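Colleague: Quick one, fold the following:
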Amino acid sequence: MSVNVITYNKVSELPGITERITKHFAGHERDIRFIVPSRKDKHWHHDKGINTAQDLWTWNEIYEDICSSSDSKRKRVLSPPDHLLILKSILDDVLNALPDKASSWPGLKRSGFPSVLSDDIRDLLNEAVPPEKLISDTNAQDPSEFLLPEVYSGYINYLAENNLIDSAQICTSALDALRNFQDWGKELILVFEGFLSFNHSQLELVRGLSDRCREVIIIKPEVSMKKFHDANYQMNVGSEPHKSSGHVIELKCAEPGLEPDVIARTLALWSQGEYTHDNEFSDFDSIGIMIESGREESFAQAFRRYGIPYNFESGIKINLTLPGIILSSIRHLESRNFPTYDTAMLLSQSCFAGINFPVMKLYRAGCYGLESWKKYLSEHEEEHETFHVALRAVEEIQIFCRVLSHQHRPLEIMRAFEKFLTAKNLWLDRISMTPEYPGMDEAIRITASAIQTVREKVNALEELTPDLGNIQDRRISKEDAYEYLDDWCKNSYTRAPIKISNAVRIFTGNPPVLSSFPVWIITGVTQKTWSGNIKASPLLGNEERRKINANSHTCRLRQMKHHSMKHYSVGLFTRARE
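Modeller: From the prediction side, this is the model:
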């Protein structure tokens with residue numbers, strides 16, 4: 001079965017394309033499934049003529065539907081950082097079997113190495129590289145020539161033995177299930193929307209589906225570059241190129257840290273009709289902004305200062321919330337045996353004793369170590385109103401640290417974290433008692449959402465643990481326990497806040513592929529980073545790479561035109577000097 005590729009230049013063109021597809025298959029509307037890159041992209045289909053959630057799939061829904069329609073048992077999908085528990089165990093076994101090699105590769109024992117190894121293994125899984133293709137050489141001087149094949153093979157085998165799959169194996173597993181069930185999908189019309197290209201595991205699944213389904217259609221963004229390694233090239237299908245359009249304005253600021261204020265001030269002036277511009281201001285809801293992770297608070301402060309309404313489209317990473325920051329602080333302070341001044345500053349946080357805690361008085365007292373802090377605070381509890389709650393905080397911190405020090409299982413460690421965050425008269429109980437100041441309601445909401453996310457993770461781990469195999473009983477060291485919590489905080493988000501109307505939409509990192517706004521604002525643009533990693537991409541030929549590197553400014557303009565801007569649109573982005 002052939003594959004039909006349709007290109008678009010603006011996301012605003014998609015409703016017309018999907019409508020034409022639906023009309024073309026009149027009478028078979030119930031058999032059409034639109035496949036989007038991620039769950040976040042489902043939100044942007046509400047106004048595109050797609051009636052029910054049943055019509056919208058991700059790769060995971062393809063896998064689930066194949067399994068539910070056949071005798072194939074659906075395997076449980078591991079999410080970060082639970083997969084690191086398995087990788088770390090396999091890595092330790094490999095290194096323990098070769099002590100000489102382990103001593104000659106000291107970097108392998110560092111706490112961050114499993115995460116690096118995980119990225120390499122994820123690439124192998126995405127490209128559907130079988131373990132037997134990697135040749136393991138026990139005499140290799142480079143660890144990648146021996147260690148990566150061994151751990152990769154061990155990881156694949158462990159997952160198979162315990163009926164688990166890595167999230168990067170979804171497409172490979174779907175293809176395996178498809179081969180075992182010949183009747184699935186014969187009447188389906190699959191429309192892949194927003195995919196510029198496919199990794200190898202995705203590509204193999206699409207090819208398998210094209211041989212099985214009634215029709216496979218790919219709707220992809222146009223890049224206007226010849227011989228670009230996109231879906232056209234992968235499927236060996238040509239398409240009519242689209243002419244791009246759009247208007248780009250470049251804002252300059254002296255330092256990256258000034259970007260939030262420059263953008264907020266520009267939007268404030270534009271909304272009042274005082275900004276020199278070819279187009280009149282429409283409304284704040286027509287503006288989307290892409291920012292880097294970790295800059296949420298600086299943009300929020302700038303927008304509040306200039307009276308710009310805004311919505312964060314996704315939650316905040318847990319490591320950037322108060323629970324994540326406190327966890328990081330405890331880990332650091334415990335390694336130094338809780339020194340006087342830094343511990344006093346920790347206890348003065350709003351979730352503990354608060355701003356009235358007499359930090360300098362405690363600094364002069366010279367407490368060192370949690371036992372010393374407990375002794376002093378209990379003996380002087382009547383001297384200050386905050387000493388009682390500070391003592392409670394020290395006791396809960398000590399309990400939490402003790403759990404992490406006694407080599408418990410991951411589930412017990414996460415439970416200890418939840419118990420610490422829900423300790424009576426601390427955290428939300430204390431923050432709600434803090435005198436009002438601008439932003440306190442937001443701080444309470446974010447902290448409450450972070451705690452709820454931890455609680456949900458505990459529940460998910462309780463359900464997952466019986467399926468983890470032998471790894472569920474593995475006791476991990478204190479350092480590994482901190483690393484596990486830290487990895488989870490970096491990969492988990494709070495819930496997105498309730499949206500307000502007519503507000504700028506802020507995306508942390510890359511927005512959903514199918515998001516569309518008349519005006520895009522792109523931050524963090526420098527000569528070094530823009531137009532991004534595409535300059536060195538192995539998917540480009542030498543001639544294309546030479547053109548991009550030789551004329552980066554032209555490429556910037558070309559790429560800006562490919563964003564989802566409507567006919568009158570302005571592509572507004574800032575550039576910080578380096």
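Colleague: What's the local residue count around Pro99?
Modeller: Using other C-beta atoms under 10 Å, Pro99 is surrounded by 9 other residues. Just so you know, the C-beta spots here come from the backbone N, C-alpha and C atoms, and that holds for glycine as well.
Colleague: next one: Arg214
Modeller: Arg214 has 15 neighbours, counted by other C-beta under 10 Å.
Colleague: Please apply the same query to the one 5 residues further on.
Modeller: Applying other C-beta under 10 Å, we find 22 other residues in the vicinity of Ile219.
Colleague: Dihedrals phi and psi, it?
Modeller: phi -110, psi 110 (degrees, to the nearest 10).
Colleague: OK, contacts around it?
Modeller: Val5, Ile6, Thr7, Tyr8, Leu14, Ile17, Thr18, Val191, Phe192, Glu193, Gly194 (C-beta atoms under 8 Å, 6 or more residues apart in numbering).
Colleague: which one of the residues you listed sits closest to Lys424?
Modeller: Among the contacts of Ile219, Gly194 lies closest to Lys424 (C-beta to C-beta), at 47.8 Å.
Colleague: Take the contacts of Ile219 and write them to CSV, including distance to Gln349.
Modeller: As requested, the contacts of Ile219 are exported to CSV (distance: C-beta to C-beta, whole Å):
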residue, distance to Gln349
Val5, 55
Ile6, 54
Thr7, 53
Tyr8, 49
Leu14, 47
Ile17, 52
Thr18, 50
Val191, 51
Phe192, 48
Glu193, 46
Gly194, 43
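Colleague: Where does pLDDT dip in the stretch 51-200 of the chain?
Modeller: Applying pLDDT under 70 to the stretch 51-200 of the chain flags the ranges 51-54, 101-102, 136-144.
Colleague: the strands in it, which residues?
Modeller: 56-57, 76-78, 164-166, 189-193 (DSSP state E, counting those that start in this stretch).
Colleague: possible to save the ones you listed as JSON lines with mean neighbour count?
Modeller: Shown next, in JSON lines, are these (neighbours: other C-beta atoms under 10 Å):
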{"stretch": "strand 56-57", "mean neighbour count": "20"}
{"stretch": "strand 76-78", "mean neighbour count": "19"}
{"stretch": "strand 164-166", "mean neighbour count": "22"}
{"stretch": "strand 189-193", "mean neighbour count": "24"}
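Colleague: ranking the contacts of Ile219 by neighbours, who comes first?
Modeller: With neighbours taken as other C-beta under 10 Å, the top of those is Glu193, carrying 27 neighbours.
Colleague: Now that residue. Nearest residue, chain neighbours left out?
Modeller: Distance criterion C-beta to C-beta, 6 or more residues apart in numbering; nearest residue to Glu193, sequence neighbours excluded, is Ile219 at 4.7 Å.
Colleague: Roughly how far does that neighbour sit from Val36?
Modeller: Taking C-beta to C-beta, to the nearest Å as the measure, Ile219 falls 10 Å from Val36.
Colleague: Touching both of these two, which residues are there?
Modeller: In contact with both Ile219 and Val36: Glu193, Gly194, using C-beta under 8 Å, 6+ apart.
Colleague: I figured Pro221 hits Asn9, correct?
Modeller: Yes. Using C-beta atoms under 8 Å, Pro221 is in contact with Asn9, at 7.3 Å.
Colleague: on that earlier part again, can you tell me which of the strands of the stretch 51-200 of the chain is nearest to Ala254?
Modeller: Of the strands of the stretch 51-200 of the chain, nearest to Ala254 by C-beta to C-beta is strand 189-193, at 41.0 Å.
Colleague: strand partners of that closest one, parallel vs antiparallel please.
Modeller: strand 32-35 (parallel), strand 215-221 (parallel) (DSSP bridges).
Colleague: Out of those, the one nearest Ile249 is which?
Modeller: With C-beta to C-beta as the criterion, Ile249 lies closest to strand 215-221 of the strands paired with strand 189-193, at 22.0 Å.
Colleague: ok now the closest one, how far from the chain's centre?
Modeller: Here the centre of strand 215-221 is set off from its chain's centre by 26 Å, with C-alpha atoms, centre = their mean, to the nearest Å.
Colleague: surely Cys401 meets Ile330?
Modeller: Yes. Cys401 lies in contact with Ile330 (C-beta under 8 Å); the separation is 6.9 Å.
Colleague: and the closest residue to Tyr158 other than its chain neighbours, how many neighbours does it have?
Modeller: Nearest residue to Tyr158, sequence neighbours excluded (C-beta to C-beta, 6+ apart): Ile86, at 5.6 Å. The number of residues packed around Ile86, counting by other C-beta under 10 Å, is 24.
Colleague: do Ser328 as well
Modeller: 15.
Colleague: how far away is it from Asn491?
Modeller: Ser328 sits at a distance of 15 Å from Asn491 (criterion: C-beta to C-beta).
Colleague: and if you look at Asn510?
Modeller: From Asn510 over to Asn491 the distance is 16 Å, taken as C-beta to C-beta.
Colleague: Also Gln202?
Modeller: To Asn491, Gln202 is 22 Å away according to C-beta to C-beta.
Colleague: Neighbour count for the two, which is higher?
Modeller: Shown here are Gln202 and Asn491; by other C-beta under 10 Å, Gln202 has more neighbours (23 against 14).
Colleague: Return the residues in contact with the more buried one.
Modeller: Gln202 neighbours (C-beta under 8 Å, 6+ apart): Trp59, Asn126, Cys171, Phe195.
Colleague: Select the longest helix from this protein.
Modeller: Taking DSSP state H as the criterion, the chain has its longest helix at helix 440-464.
Colleague: who touches that one?
Modeller: For helix 440-464, contacts defined as C-beta under 8 Å, 6+ apart pick out 76, 82, 300, 315-316, 318, 321-324, 350-351, 410-411, 414-415, 417-418, 421-422, 427-428, 431-432, 434, 488, 492-495, 497.
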